[in-house]
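1. Provided below are the primary sequence and the corresponding predicted coordinates.
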Amino acid sequence: MITRDSAAATEERSNQASHLEYPYLLRRAPAILAALLTLIIGSALLIVAAHLHDSHPFASGVFVNVSSPVLLFAPLAFLTTTFGRQIVRSENARNVKIEQLTTQVKNVREDFDSALAAIAHGVTERMAADRKPIEDDIRAIVQAPMSHSIGNALRHGIENGYLSSRGPRVRIPGTNGYVRLMPGEQQGDALAVFVEMMNGDVLESFGWSVEDDAEVFGYKLAKELEKSGAYPGDIVFDVGSIFFGIHEAVSLGFLMATGAGGVTDPVGPILELTGRKWAVTDFWLTTREWPHYQVTLDRLDELDWDQHIRQKHDMDIAGFREAMDVAMSLIAAGHLTIPNYEEGFTTRMY
């Protein structure tokens, strides 16, 4: 790659070489001599033709025909040699100048790009630093689940609108019930844990304080299920899958709402994830990935959505059916309210 220093050195050598060139007339001497010689020859032929005009008219005509092109060729050759080379030299000089200017513009653009990239990188790093505390709390849900870190993560999600105002819930393994977590108002408050049915009716509840670890949480949950006759057995009951499900919902909502490491693309306040691709939110049923296919809660009974979704490509029909059942049950029981889409939303999405 040509740098600005090498380009400047090239230009300086070119200027030095131009100062060492021979004088203009001396450089043009061969062309001038050739033109003069051609003119002399042409003139001589015309003189000979004039002398032969009376005695040998045919020969005189031949000499005239030969001398005329010669006389015309001489000035044309001289002009071509003189100005043609000058034009070529000017063209070469122009090309060199253009190349130098192009290199300079490229170098300036690279400097600008480098500076702008550094600014963008700095902004991204500062945004990442701001998000790190909440990202640590979200990561802790599966790495070291504790009441205070989960509470912080849930509180952030509810306050910023990417988790349901009721708190997210997940299916309890081996049962038809759900566990839903609701953070306290302040950091350090105990988490409210609800064991509920699909329609949102609460069967049991207890608090998970900051003094209790994840094992205590699992034990309390198992005892509440046992009290209700819903404990599925030691092999089936997996507390780890509950933390994993909570983490999946919180992490999805956080990443899509903040654009951390990607593009901002909110899915709505997540209440529950169903199947491989669907989510029930306070606003609508939606696919988790872009492009989002969304069904608002006020349209659940408008048509045969099961048949409609079945016609779509790879839409996880089982997950959609579960999402439909969950949403309709919650609405019927009064635990999920249909929003006023005309007043509260700029775009009606389905």
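-> That came through fine. Numbers count the residues shown, from 1 in each chain.

2. Arg169 touches Glu196, doesn't it?
-> Yes: counting by CB atoms under 8 Å, Arg169 touches Glu196, with 7.2 Å between them. Any C-beta I mention is one placed from the backbone N, CA and C, and that applies to glycine too.

3. Between these two, which contacts overlap?
-> Common contact partners of Arg169 and Glu196 (CB atoms under 8 Å, 6 or more residues apart in numbering): Tyr178, Val179, Arg180.

4. Those residues, buried ones only, as a ChimeraX selection?
-> Burial among those is assessed by 16 or more other CB atoms under 10 Å; the matching ChimeraX selection reads:
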select :178,179,180
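
5. Now do the same for Asp189: its pLDDT.
-> pLDDT recorded at Asp189 is 86.

6. Does it fall in a helix, a strand, or a coil region?
-> Here Asp189 is recorded as coil under DSSP: H, G, I helix; E, B strand; the rest coil.

7. what residues are up against it?
-> Applying CB under 8 Å, 6+ apart to Asp189 gives the contacts Gly151, Pro183.

8. What is the nearest of the shared contacts of Arg169 and Glu196 to Val239?
-> Val179 (9.6 Å; CB to CB).

9. Mind telling me what element Val108 is part of?
-> Per DSSP states H and E, Val108 falls inside helix 57-143.

10. Helix or strand next in line after that helix, which one?
-> Next element after helix 57-143 (DSSP H and E): helix 147-159.

11. ok now the helix or strand that that following helix is followed by, how far from the chain's centre?
-> Next along the chain after helix 147-159, taking DSSP H and E as the criterion, comes strand 169-171. Averaging C-alpha positions (CA atoms, centre = their mean, to the nearest Å) puts strand 169-171 33 Å from its chain's average.

12. Could you list the residues in contact with stretch 142-149?
-> Stretch 142-149 has contacts (CB under 8 Å, 6+ apart) with 136-137, 140-141, 187-188, 190-191, 208-210, 212-214, 217, 243-244, 247.

13. measure it end to end?
-> End-to-end distance of stretch 142-149 (CA to CA, to the nearest Å): 11 Å.

14. try stretch 289-306
-> End-to-end distance for stretch 289-306, by CA to CA: 19 Å.

15. can you tell me how far Asp130 sits from Ala260?
-> Using CB to CB, to the nearest Å, Asp130 is found at 10 Å from Ala260.

16. nope, Ala140 is what I meant
-> From Ala140 to Ala260 the distance is 16 Å (CB to CB).

17. quick one: which of these two has more around it?
-> In terms of neighbours (other CB atoms under 10 Å), Ala140 is the more surrounded of Ala140 and Ala260; the figures are 18 against 15.

18. re the thing from before, between Arg169 and Glu196, tell me which one has more neighbours.
-> Applying other CB under 10 Å to Arg169 and Glu196 shows that Arg169 carries more neighbours, namely 28 against 21.

19. residue contacts, the residue nearest to the more buried one when sequence neighbours are not counted?
-> The shortest distance from Arg169 to any non-neighbouring residue, by CB to CB, 6 or more residues apart in numbering, is to Arg180 (3.6 Å). Arg180 makes contact with Arg166, Gly167, Pro168, Arg169, Val193, Phe194, Glu196, according to CB under 8 Å, 6+ apart.

20. how about the residues you listed in JSON lines, adding distance to Arg299?
-> Output for the contacts of Arg180, formatted as JSON lines (distance: CB to CB, whole Å):
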{"residue": "Arg166", "distance to Arg299": "21"}
{"residue": "Gly167", "distance to Arg299": "25"}
{"residue": "Pro168", "distance to Arg299": "24"}
{"residue": "Arg169", "distance to Arg299": "23"}
{"residue": "Val193", "distance to Arg299": "33"}
{"residue": "Phe194", "distance to Arg299": "28"}
{"residue": "Glu196", "distance to Arg299": "25"}
